[in-house]
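Visitor: heads up, no residue letters with this:
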């Protein structure tokens with residue numbers, strides 16, 4: 001039986017040793033913790049942009065869980081907008097208090113960037129991610145151009161989170177609960193996607209570095225969550241104190 005290195009053994013390897021181990025793993029040897037290796041495949045004659053790879057179940061479940069949360073939050077935002085159109089003076093369920101409210105962000109241009117509610121676009125994007133998650137969980141390999149698309153889309157999602165966080169703080173002075181749910185879903189999807197794409201060799205970095213990034217993507221996500229929490233606490237500190245006093 002081949003020796004399965006522990007995480008401490010892997011961390012002690014040089015980059016060259018780790019690269020050699022990962023190359024052996026891709027041919028059928030045991031892989032890193034939480035990063036299952038794939039059966040060998042013949043990619044001779046396949047263009048680089050079509051090179052297919054699968055993903056660990058943990059990544060597939062991240063897509064499925066995050067996308068389900070995003071679709072649910074988008075649905076609630078769409079329902080709130082329809083309710084607001086039917087009853088302009090009615091009370092929305094997401095209007096919890098003067099600080100946590102979604103009503104101010106619905107019928108304004110910031111909430112309808114492309115002429116339709118942002119929630120419609122979000123629901124479609126999360127539906128695509130959910131489909132990819134199910135395919136990967138089923139063992140399907142995705143070509144490199146799709147991984148590039150997932151990375152670009154997730155980066156765009158992070159950019160939207162940053163932009164709408166700024167709008168919430170500087171323009172609305174309120175926090176939309178369903179928007180924050182979408183932020184919470186987008187961040188781990190983005191960090192996991194970039195980590196997995198790097199580990200599979202789709203981003204031009206060595207597989208050793210890619211595997212390290214994939215193993216640590218939750219720390220990156222936690223760091224982004226922490227930044228958002230600090231911004232919210234700092235920007236709305238007086239309002240928080242007024243609510244609890």
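Guide: Received, thanks. Remember, it's a predicted structure, so these values are computed and weren't measured experimentally.

Visitor: Any regions of the protein where pLDDT drops low?
Guide: 1-46, 49, 245 (pLDDT under 70).

Visitor: could you point out the longest helix in it?
Guide: helix 57-86 (DSSP state H).

Visitor: now the next helix or strand along the chain from that one against helix 57-86, angle please.
Guide: Next along the chain after helix 57-86, taking DSSP states H and E as the criterion, comes helix 118-137. Angle, helix 118-137 to helix 57-86, by axes from the mean of the first three to the mean of the last three CA atoms, to 10 degrees: 160 degrees.

Visitor: Flag every buried residue along helix 118-137.
Guide: 118-119, 122-123, 125-126, 129-130, 132-133, 135-137 (16 or more other CB atoms under 10 Å). (Each C-beta comes from the backbone N, C-alpha and C, glycine too.)

Visitor: can you pull the contacts of the residue most central in space within the chain?
Guide: Centrality entry for the chain: nearest residue to the mean C-alpha point is residue 189, 1.8 Å, by CA atoms, centre = their mean. Counting by CB atoms under 8 Å, 6 or more residues apart in numbering, residue 189 makes contact with 62, 63, 66, 67, 129, 154, 157.

Visitor: mind putting the buried residues of helix 118-137 in TSV, distance to residue 184 included?
Guide: Shown next, in TSV, are those (distance: CB to CB, whole Å):
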residue	distance to residue 184
118	16
119	15
122	13
123	16
125	15
126	13
129	14
130	16
132	19
133	17
135	24
136	21
137	21
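
Visitor: of all the residues you listed, which comes closest to residue 215?
Guide: Taking CB to CB as the measure, residue 215 sits nearest to residue 136 out of those, at 18.1 Å.

Visitor: ok so, going back, can you give me the angle the helix or strand where the residue nearest to the centre of the chain lies makes with helix 118-137?
Guide: Applying DSSP H and E as the criterion places residue 189 in helix 177-199. For helix 177-199 against helix 118-137, the angle by the same axes, to 10 degrees is 40 degrees.

Visitor: Now the element after helix 177-199, going C-ward?
Guide: Assignment by DSSP H and E places the next element after helix 177-199 at helix 207-215.

Visitor: Residues touching the following helix or strand past that following helix, excluding its own?
Guide: As assigned by DSSP H and E, the chain's next helix or strand after helix 207-215 is helix 217-235. Helix 217-235 is contacted from outside by 158, 161, 165, 169, 175, 183-184, 187-188, 191-192, 194-195, 240, using CB under 8 Å, 6+ apart.

Visitor: The helix or strand following helix 217-235: how far from the chain's middle?
Guide: Per DSSP H and E, the first helix or strand lying C-terminal to helix 217-235 is helix 237-244. Its chain's C-alpha centre and that of helix 237-244 lie 31 Å apart, by CA atoms, centre = their mean, to the nearest Å.
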